[in-house]
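1. just a sequence and a predicted model for now, questions to come.
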Amino acid sequence: MIPAPASAAFSARAVPQGKAARHRRARAMALLVCALVFGHGGYQLARLSVTQWRLSRRLAALTAEREALQHEQQRLQSDPTYVEGLIRSTFKVAKPGEYVILPETPDGSPQGNR
């Protein structure tokens, strides 16, 4: 029996495809090159720069979320029509003399009873 060449064994193994897998491989190669060229200090520098990049993205997302929440808070404090609409839609509240009509779900139960 003739053994298969080493390249055939490698090609038979499942290699992850897609953009995320390519990015992981590229990041791993970059860290490996930094470790070989610059030693442990270069590896630490690369790792810390990646961490800093992730944290700056997280900070940007949290800043945007905070701004949206501040806008929502300002609107809740200054716009009574908006507050009334939220109360009516969230709690299915009606003024005296009004009726709340709930649409039915596909199973036949009213939408508000879930």
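-> Yep, it's here. Numbering: from 1, shown residues only.

2. where does the prediction get shaky in the protein?
-> Scanning the chain for pLDDT under 70 picks out the ranges 1-16, 34, 110-114.

3. looking at it, which helix is longest?
-> helix 19-78 (DSSP state H).

4. next structured bit after that one?
-> helix 80-91 (DSSP states H and E).

5. contacts made by stretch 47-56 with the rest, please.
-> Arg27, Leu31 (Cβ atoms under 8 Å, 6 or more residues apart in numbering). No exception for glycine: its C-beta is placed from N, CA and C like everyone else's.

6. chain center to it, what's the gap?
-> How far stretch 47-56 lies from its chain's middle: 17 Å, per Cα atoms, centre = their mean, to the nearest Å.

7. one more: stretch 50-59?
-> That offset, for stretch 50-59, works out to 14 Å (Cα atoms, centre = their mean).

8. likewise stretch 66-81?
-> Averaging C-alpha positions (Cα atoms, centre = their mean) puts stretch 66-81 24 Å from its chain's average.

9. how about that stretch as PDB, C-alpha atoms only?
-> What follows is stretch 66-81, C-alpha atoms only, in PDB (Å, rounded to 0.1, in the frame of the first residue of the first chain):
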ATOM      1  CA  ARG A  66     -25.400  56.900  25.600                       C
ATOM      2  CA  GLU A  67     -26.200  59.700  23.200                       C
ATOM      3  CA  ALA A  68     -29.300  57.800  22.000                       C
ATOM      4  CA  LEU A  69     -30.400  57.300  25.600                       C
ATOM      5  CA  GLN A  70     -29.900  60.900  26.500                       C
ATOM      6  CA  HIS A  71     -32.000  61.900  23.400                       C
ATOM      7  CA  GLU A  72     -34.700  59.500  24.600                       C
ATOM      8  CA  GLN A  73     -34.600  60.900  28.100                       C
ATOM      9  CA  GLN A  74     -34.900  64.500  26.900                       C
ATOM     10  CA  ARG A  75     -37.800  63.500  24.700                       C
ATOM     11  CA  LEU A  76     -39.600  61.700  27.600                       C
ATOM     12  CA  GLN A  77     -39.100  64.800  29.800                       C
ATOM     13  CA  SER A  78     -40.300  67.400  27.200                       C
ATOM     14  CA  ASP A  79     -42.800  65.700  24.900                       C
ATOM     15  CA  PRO A  80     -46.100  64.700  26.600                       C
ATOM     16  CA  THR A  81     -47.600  63.500  23.300                       C
END
